[in-house]
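A.B. asks: Sequence plus the predicted model coming up.
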Amino acid sequence: MNIITEFYNQGLEHWPKTGQHILAHQTDQEIVVYQAYKKSISRFAVENQFLGGSEYSYNRMSWIKPNFLWMMYRCGWAEKENQESVLALWIQKKDFEAILNEAAISSFNPKYHDSHEQWRADLADKEVRLQWDPDHDPYGRKQERRAIQLGLKGEMLENFGKKQISRIEDITGFVKQQKQSLDTGRLHELEIPLERFYKTTNDALNKRVGID
């Protein structure tokens, strides 16, 4: 696994308790996002290093999540049906910013929208949906801090799945090892990807999509 890890308790020392933040494993040039799939889709993705195959559909919305623990909450630590395999997908930060730049926020907020009409037009026109959801701790309990997830469809999804991904890793084995630590009450041994806050280089974009 190419992802650097740290103990969960170490990560807590760097994360604020409130606000809307992109927590992500990253290098100077790349950022990691996560998805969970059934094993056959995951196997194709790892073997071919792009999303596809007979069981994958580009005719739906697909969600990517930079936050590891939010992904664990969503897939039940790889125990939910058709989410038994967790993938780490590496993309260039410039491509991630391009995705963010095409995002429409999923719910109306006068802080980010001039009117309901403008918000509805954005939802209709854009192929990326952005949601700020409560972050979760390792046991699935909601936190005050909010985490981002991005839904992609149409050309944006095809571009992501076939062109923008630079590396795909199946990290299911790592996920299952960490779940064992949780199940046996050893939270102090829980390891997670080293995640720090990420902001784009575009202050106007950060403000428009609600990044604190």
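C.D. replies: Arrived safely.
A.B. asks: Mean pLDDT per helix and strand in this structure: which one sits at the bottom?
C.D. replies: Within the chain, no helix or strand scores below helix 116-125, which has a mean of 78 by mean pLDDT, DSSP states H and E.
A.B. asks: Buried residues of the next helix or strand after that helix, list them for me.
C.D. replies: Remark: after helix 116-125, the chain's next helix or strand is strand 128-136, criterion DSSP states H and E. For strand 128-136, the neighbour count (16 or more other Cβ atoms under 10 Å) marks V128, R129, L130, Q131, W132, D133, D135, H136 as buried. (C-beta placed from N, C-alpha, C; glycine too.)
A.B. asks: who touches the closest residue to T200 other than its chain neighbours in this structure?
C.D. replies: Leaving aside its chain neighbours, T200 sits nearest to E97 (4.7 Å; criterion: Cβ to Cβ, 6 or more residues apart in numbering). The contact partners of E97, taken as Cβ atoms under 8 Å, 6 or more residues apart in numbering, are T200, T201, N202, L205.
A.B. asks: from those, which single one is nearest Q29?
C.D. replies: Set against Q29, the nearest of those by Cβ to Cβ is T201 (12.3 Å).
A.B. asks: State the distance from the nearest residue to that closest one once chain neighbours are set aside to N159.
C.D. replies: In space, and not counting its chain neighbours, T201 is closest to E97: 7.3 Å by Cβ to Cβ, 6+ apart. Distance, E97 to N159, using Cβ to Cβ, to the nearest Å: 14 Å.
A.B. asks: All the strands of this protein, residue numbers only.
C.D. replies: Remark: strands assigned in the chain by DSSP state E are 5-7, 22-24, 30-37, 62-64, 85-92, 103-105, 128-136, 142-152, 165-170, 191-193, 196-198.
A.B. asks: Tell me how far the fifth one lies from the chain's centre.
C.D. replies: The reference is to strand 85-92. Relative to its chain's centre, strand 85-92 lies at 9 Å (Cα atoms, centre = their mean, to the nearest Å).
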